[in-house]
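Undergrad: got a predicted structure plus its sequence, pasted below:
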Protein chains: 2
Amino acid sequence: MVSTFRDESEFVRWLQRLTPTRTRSLRLGIGDDAALVRVPPSRELILTTDLSIEGVHFTRSIHSPRSVGHRALARSLSDVAAMGGVPRYALISLALSRTASPNWVEGLYRGIRDLARRFRVVVIGGDTARVAGATLVDVIAIGEVRRGQALRRDGARPGDQLWVSGRLGLAAWGLELLKSGKPWRSGDARAALQAHLYPEPQCALGRFLSERRLASAVIDISDGLSSDLTRLCAASSVGALVWAQRLPLPATGNPGQALALALRGGEDYQLLFAVPARVASRLPSWFRGLPLQQIGEIRKGHGLALVTSDGKKQPLKPTGWDYFRK
Amino acid sequence: MVSTFRDESEFVRWLQRLTPTRTRSLRLGIGDDAALVRVPPSRELILTTDLSIEGVHFTRSIHSPRSVGHRALARSLSDVAAMGGVPRYALISLALSRTASPNWVEGLYRGIRDLARRFRVVVIGGDTARVAGATLVDVIAIGEVRRGQALRRDGARPGDQLWVSGRLGLAAWGLELLKSGKPWRSGDARAALQAHLYPEPQCALGRFLSERRLASAVIDISDGLSSDLTRLCAASSVGALVWAQRLPLPATGNPGQALALALRGGEDYQLLFAVPARVASRLPSWFRGLPLQQIGEIRKGHGLALVTSDGKKQPLKPTGWDYFRK
């Protein structure tokens, strides 16, 4: 596809057919020097960007181009979810390896487009180039949130309950299954593959927590519970206790493996949030088919501890993904 | 620097010291899941992103890290200029080659920061990762423009005058000088080096054209006059005549080389704009030290032609940078 275009203008026309170029608030989409949008005066704008790199975040042997596109956009939409916002637009910067085929690029954009459509996100621009090395996608997501209602990391207070959505470590288990190459039959295993290949940004939950003012702090779990909880607690200047017994683990059949996956497995894109005790009774156990679970509590100080099934406390260190520690 | 950080949070704190994290309209800068900004109701938002890739847009033998950072941000600010906007924020995605040293990364960020400060642009977020291949910087710029006053590519009409700012081909000449490795002494040559290594986004001119409603169409010259004029004409469904005698060429001492540089040399980041004849008398010859020059006129149809010094017309084809034609 890309290589079959005569020039940039043909490529831009192809992109324009994939995505609307004008809505009520979108004044100008793909095709000019920049995109142009209007923001309602009652809203603040959420801006975030996430890199997806071949050999780091995906490999061609495991991830189809549709999955690569889906996951690249999902990463950014999940950041908008963690702010309690509604995603509206995306810009896609694509540095293409010389070995990426036209079909691969088309699959990538279809993966982006299909997820974008479901969330009514419009692709409004981007940049494209060839690179000698690995393929890289940078997805910028732009969302909106009502003024003053954005969810942040730094509002957790001692005594708040600590909650998560969905299952933890499911996407990491899915990746292990995909790498093992073994056949998988159980529904749990299939759910793990789906969680890894086509993760779901929890935008509706983020918006619900924001509008009902149910959360004092929120972060999305992109790098594993232990790492993202460490970040939330550092931003809020608090500590936390996590009850191992309450963690919604993947049904791997091996409790030790399941716990490790939940603590350090990233890319679940579930929300981790602190709930002030006075509003906790208003939080449902299920939100649109998604289980919500209290897994611990916010404490004074700076320590993070895991309470194991025998009641013992052990320090909880960030063992999830951190580029600087790799 | 990067490799000396223990974890991501240390790196984020270093970035936060480089750039303010809160202004009146910036609600939340670097450090949360996403940034949060307010947009005045009278304004529309301009969004653009540009890749800068080692081996494509820069090489370490020619470009210092400060120059790489400056040029990466300038590319995006120039898009905001071409829309008639005021740049406000930037997000920086950085995929770092394993061979990029801590000093190199620090230099890159200082190049970004110095240009950002001059334009009062605040870096509000981004992403960072290591790559096996070449270093890549993706700069997202966010600007503001008064509602309905954005300058677009598609408004040029037959009879409009065609103007450019500054010199054309100067940055491309600078690159040739740098590659040649020869000593250069003339002021013109030094201006060419400066134009290549530290190009100036023409934001004040873009804003002036927008506020005074002097331009029917604008594009920034990032890929060479012939290519960017082709884009402006295609978007406006018009043709154009360019008078070779009027082109503001670099003083290379070789007229043929100078003309070729002006037509296909990119990265000048000057503005190319169409001016309706009825307002042309209100356009000054100089704008804040920057020469403005009529170089031709917009015509009916779709053809682009160059009128040479002997009065002959020859077709003007896009010969500048186009990733798809490379």
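TA: Structure received.
Undergrad: check contacts around A:Arg299.
TA: A:Pro158, A:Val238, A:Gly239, A:Ala240, A:Leu241 (Cβ atoms under 8 Å, 6 or more residues apart in numbering or on different chains). From N, CA and C alone the C-beta is placed, and that goes for glycine too.
Undergrad: highest neighbour count among those residues?
TA: Compared across those, A:Ala240 has the highest neighbour count, 27 neighbours, by other Cβ atoms under 10 Å in any protein chain shown.
Undergrad: so that one sits in a helix?
TA: No - according to DSSP: H, G, I helix; E, B strand; the rest coil, A:Ala240 belongs to no helix; its state is strand.
Undergrad: for it, list the residues it contacts.
TA: Per Cβ under 8 Å, 6+ apart, neighbours of A:Ala240: A:Leu162, A:Leu229, A:Cys233, A:Gly296, A:Glu297, A:Ile298, A:Arg299, A:Leu304, A:Ala305, A:Leu316.
Undergrad: quick one: pLDDT of it?
TA: Note for A:Ala240: predicted pLDDT of 97.
Undergrad: with the one 3 residues further on instead?
TA: Per-residue pLDDT puts A:Trp243 at 96.
Undergrad: all strands of the stretch 101-250 of chain A, in order?
TA: Taking DSSP state E, counting those that start in this stretch as the test, the strands found in the stretch 101-250 of chain A are A:122-131, A:136-146, A:161-165, A:217-221, A:239-243.
Undergrad: now for the first one, which elements pack on it?
TA: Okay, so that is strand A:122-131. Strand A:122-131 sits against helix A:8-18, strand A:35-37, strand A:86-97, helix A:102-118, strand B:43-53, with contacts defined as 3 or more Cβ pairs under 8 Å, 6 or more residues apart in numbering or on different chains; DSSP states H and E.
Undergrad: what's the answer for the second one, then?
TA: Strand A:136-146 sits against strand A:43-53, helix A:65-82, strand A:86-97, helix A:203-211, strand B:43-53, strand B:86-97, strand B:136-146, with contacts defined as 3+ Cβ pairs under 8 Å, 6+ apart.
Undergrad: one more time with 7 Å
TA: strand A:43-53, helix A:65-82, strand A:86-97, strand B:86-97, strand B:136-146 (3 or more Cβ pairs under 7 Å, 6 or more residues apart in numbering or on different chains; DSSP states H and E).
Undergrad: strand partners (parallel or antiparallel) of the third one?
TA: So that's strand A:86-97. Each strand paired with strand A:86-97, and its direction, by DSSP bridges: strand A:122-131 (parallel), strand A:136-146 (antiparallel).
Undergrad: what's the burial count for the residue nearest to A:Val131 when sequence neighbours are not counted?
TA: Excluding the flanking residues, the one nearest A:Val131 by Cβ to Cβ, 6 or more residues apart in numbering or on different chains is A:Ala95, at 4.4 Å. Using other Cβ under 10 Å, A:Ala95 is surrounded by 29 other residues.
Undergrad: check contacts around A:Ala95.
TA: A:Ala129, A:Val131, A:Thr135, A:Leu136, B:Leu51, B:Ile53, B:Leu136 (Cβ atoms under 7 Å, 6 or more residues apart in numbering or on different chains).
Undergrad: change it to 6 Å
TA: When contacts are counted by Cβ atoms under 6 Å, 6 or more residues apart in numbering or on different chains, A:Ala95 touches A:Ala129, A:Val131, A:Leu136, B:Leu51, B:Leu136.
Undergrad: what bridges to the last one?
TA: What it means is B:Leu136. Beta-bridge partners, per DSSP bridges, of B:Leu136: B:Ile53, B:Ala95.
Undergrad: so how far is B:Val145 from it?
TA: 29 Å (Cβ to Cβ, to the nearest Å).
Undergrad: how about A:Ser236?
TA: Counting by Cβ to Cβ, the gap from A:Ser236 to B:Val145 is 37 Å.
Undergrad: compare these two and say which is more crowded by neighbours.
TA: B:Val145 (25 against 21).
Undergrad: excluding chain neighbours, give the residue nearest to the more buried one in space.
TA: B:Gly85 (3.9 Å).
Undergrad: just the closest residue of the stretch 101-250 of chain A to chain B, please.
TA: A:Gly133 (1.6 Å; Cβ to the nearest Cβ).
Undergrad: which residue is the nearest non-sequential neighbour of that residue?
TA: B:Gly133 (1.6 Å).
Undergrad: what about the one you found, neighbour count?
TA: By other Cβ under 10 Å, neighbour count at B:Gly133 equals 22.
Undergrad: hang on, it packs against A:Arg130?
TA: No - with contact defined as Cβ atoms under 6 Å, B:Gly133 does not count as touching A:Arg130 (11.5 Å).
Undergrad: picking up where we left off before, of all the strands of the stretch 101-250 of chain A, which lies closest to A:Ile46?
TA: Nearest to A:Ile46, of all the strands of the stretch 101-250 of chain A, is strand A:136-146, at 3.9 Å by Cβ to Cβ.
Undergrad: angle of that closest one against helix A:65-82?
TA: On the basis of axes from the mean of the first three to the mean of the last three Cα atoms, to 10 degrees, strand A:136-146 is oriented at 30 degrees to helix A:65-82.
Undergrad: show me which positions of strand A:136-146 end up buried.
TA: A:Leu136, A:Val137, A:Asp138, A:Val139, A:Ile140, A:Ala141, A:Ile142, A:Gly143, A:Glu144, A:Val145, A:Arg146 (16 or more other Cβ atoms under 10 Å in any protein chain shown).
Undergrad: re the thing from before, adding distance to A:Leu151 and pLDDT, write the contacts of A:Ala95 out as TSV.
TA: Output for the contacts of A:Ala95, formatted as TSV (distance: Cβ to Cβ, whole Å; pLDDT from 0 to 100):
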residue	distance to A:Leu151	pLDDT
A:Ala129	35	88
A:Val131	36	89
A:Leu136	29	95
B:Leu51	31	95
B:Leu136	31	95
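Undergrad: and A:Ala90, what are its bridge partners?
TA: Beta-bridge partners of A:Ala90, as defined by DSSP bridges: A:Val123, A:Ala141.
Undergrad: same check, this time on A:Leu47
TA: A:Ile142, B:Ala35.
Undergrad: tell me the pLDDT of the closest residue to A:Pro255 other than its chain neighbours.
TA: The shortest distance from A:Pro255 to any residue other than its chain neighbours is 7.3 Å, reached at A:Leu249 (Cβ to Cβ, 6+ apart). For A:Leu249, the pLDDT comes out at 94.
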